[in-house]
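Student: One predicted model, sequence on top.
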Amino acid sequence: MKLGLQLGYWPAQPPAKVGELVQAADRSGFDTVVTAESWGSDAFTPLAWWGSATERVRLGTSVAQLSARTPTAAAMAALTLDHLSGGRAILGLGVSGPQVVEGWYGQPFGKPLARTREYVRVVRSVLARTGPVVSPGPHYPLPYAGPDATGLGKPLKVMTHPLRADLPIWLGAEGPRNVALTAEIADGWLAIYYSPRLAPMYDEWLDEGFAREGARRTRADFEIAASCQVIVTEDRAGEIARLKPVVALYVGGMGAPELNFHAQVYRRMGYEREVAEITELFRSDRKADAAAAVPDEMVTETMIIGDAEQVRSEVDRWAAAGVTMLLLTARSVAQVTQLATLVDS
């Protein structure tokens, strides 16, 4: 099992002492450090800044949002980071949701799978550097040929030689079709709210993608990086209670009520009634009641909480379910070091 340090995205202000956590992860044997973006801090700049003080950890975006930049711009950012880090970059991509895509970026959300496929194809074309990059579209046409085009657009070949044509691309995916697409065209799956209990279902989705003609990877060389809170504690009940407001936020408040991908994940786990209640309470601004409506199982289904022995046992269970990396958060250097000693990587 590999470990990844998930730095996430920034709240109102940049978090303090993150550089110390990143350096501790580098020293302690963590495989990867990843950052995210929503509608505040971006995913690439923190990796370049904090990653410059590291020597071995891979540096990945988890995730860079498709609508935040064109595929050629994403390829430029990735190849730049790859050069600066000596070949340690991972480009993690995700479509986000309609509230962010249309509300923040002013882009259409429709046909997310088709957009993802086309986006990845353009990025790989840039990194391959076999010739000028052209794409028929319809989502990312190169050169642009819309009704307001000047007609002067020229196919271009990336000026800077990429360090690696096979720079890893991971995709954030939650639903069955998106996970299958990920297995087909990507090098890894960024899984959120992964449940080892549902591993047989995930395997069906993944196997569908691996079986498609032209699939890039097999299960043997495909990475599954699952976001997972790993908390070593003698007060398991207290930690579960502390995390319930976070689950309530993502289930009840992240996304439109009629289209919340995180809520759909928990529905697939069998929490249909609980999701409906949490959503209703959260949308009624009864956030404390929404958190109280989260059963313990909704927390422990997707997180590892307990004493050292319990944590080791659960990590083994996640590995047996197919997870190759746990993306976890940490609040101190001591916690980073402790987690590194508990997980055999």
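Tutor: Received, thanks.
Student: Now do the helices in the stretch 201-345 of the chain.
Tutor: 236-252, 261-268, 272-283, 287-292, 296-300, 308-320, 333-342 (DSSP state H, counting those that start in this stretch).
Student: what packs against the last one?
Tutor: So that's helix 333-342. strand 2-6, helix 18-28, strand 230-232, helix 308-320 (3 or more CB pairs under 8 Å, 6 or more residues apart in numbering; DSSP states H and E). C-beta coordinates here come from the backbone N, C-alpha and C atoms, glycine included.
Student: rerun that using 10 Å as the cut-off
Tutor: strand 2-6, helix 18-28, strand 230-232, helix 308-320, strand 325-328 (3 or more CB pairs under 10 Å, 6 or more residues apart in numbering; DSSP states H and E).
Student: What are the contacting residues of the third one?
Tutor: Outside of strand 230-232, the residues that reach it under the criterion CB atoms under 10 Å, 6 or more residues apart in numbering are 3, 239-240, 242-243, 303-312, 314-315, 318, 326-330, 335, 338-339, 342-343.
Student: Can you say which of these are buried?
Tutor: 3, 239-240, 243, 303-306, 311-312, 314-315, 318, 326-330, 335, 338-339, 342-343 (16 or more other CB atoms under 10 Å).
Student: Tell me, please, the helix or strand in this structure that averages the lowest pLDDT.
Tutor: helix 261-268 (a mean of 87; mean pLDDT, DSSP states H and E).
Student: who does that helix touch, helix- and strand-wise?
Tutor: Looks like helix 261-268 contacts helix 236-252, helix 272-283 (3+ CB pairs under 10 Å, 6+ apart).
Student: what's the closest of those to G322?
Tutor: Proximity to G322, assessed across the helices and strands packed on helix 261-268 by CB to CB, is greatest for helix 236-252 (22.9 Å).
Student: Report the rounded mean pLDDT for the closest one.
Tutor: Helix 236-252 shows a mean pLDDT of 94.
Student: Any chance of JSON lines for the helices of the stretch 201-345 of the chain, columns distance to R121?
Tutor: Shown next, in JSON lines, are the helices of the stretch 201-345 of the chain (distance: least, CB to CB, whole Å):
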{"stretch": "helix 236-252", "distance to R121": "31"}
{"stretch": "helix 261-268", "distance to R121": "23"}
{"stretch": "helix 272-283", "distance to R121": "35"}
{"stretch": "helix 287-292", "distance to R121": "41"}
{"stretch": "helix 296-300", "distance to R121": "37"}
{"stretch": "helix 308-320", "distance to R121": "32"}
{"stretch": "helix 333-342", "distance to R121": "37"}
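Student: Low-confidence stretches in the stretch 151-300 of the chain?
Tutor: Scanning the stretch 151-300 of the chain with the threshold set as pLDDT under 70 gives 255-259.
Student: now the most centrally placed residue in the chain, nearest residue through space, not along the chain?
Tutor: Nearest to the geometric centre of the chain sits S62, at 3.6 Å (CA atoms, centre = their mean). The shortest distance from S62 to any non-neighbouring residue, by CB to CB, 6 or more residues apart in numbering, is to V34 (3.7 Å).
Student: Using PDB, list the CA coordinates for the helix or strand encompassing the one you found.
Tutor: Element membership for V34, per DSSP states H and E: strand 32-35. Provided in PDB are the C-alpha atoms of strand 32-35 (Å, rounded to 0.1, in the frame of the first residue of the first chain):
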ATOM      1  CA  THR A  32       2.800  11.200  -3.500                       C
ATOM      2  CA  VAL A  33       1.600  14.600  -2.500                       C
ATOM      3  CA  VAL A  34      -1.600  15.900  -4.200                       C
ATOM      4  CA  THR A  35      -3.500  19.200  -4.300                       C
END
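Student: and the next helix or strand after that strand, which residues are buried?
Tutor: Per DSSP H and E, strand 32-35 leads on to helix 44-51 as the next helix or strand towards the C-terminus. For helix 44-51, burial by neighbour count (16+ other CB under 10 Å) applies to 44, 46-48, 50-51.
Student: How about stretch 227-244?
Tutor: 227-233, 239-240, 243-244.
Student: same thing with stretch 212-225?
Tutor: Counting neighbours by 16+ other CB under 10 Å, stretch 212-225 gives 216-217, 222-225 as buried.
Student: Near S135, how many other residues are there?
Tutor: The number of residues packed near S135 is 18, by other CB atoms under 10 Å.
Student: nearest residue to it other than its sequence neighbours?
Tutor: Spatially, and ignoring its direct neighbours in sequence, S135 is nearest to L142 (4.4 Å; CB to CB, 6+ apart).
Student: Could you double-check that A211 sits in contact with R217?
Tutor: No: A211 is beyond contact range of R217, at 11.8 Å (criterion: CB atoms under 10 Å).
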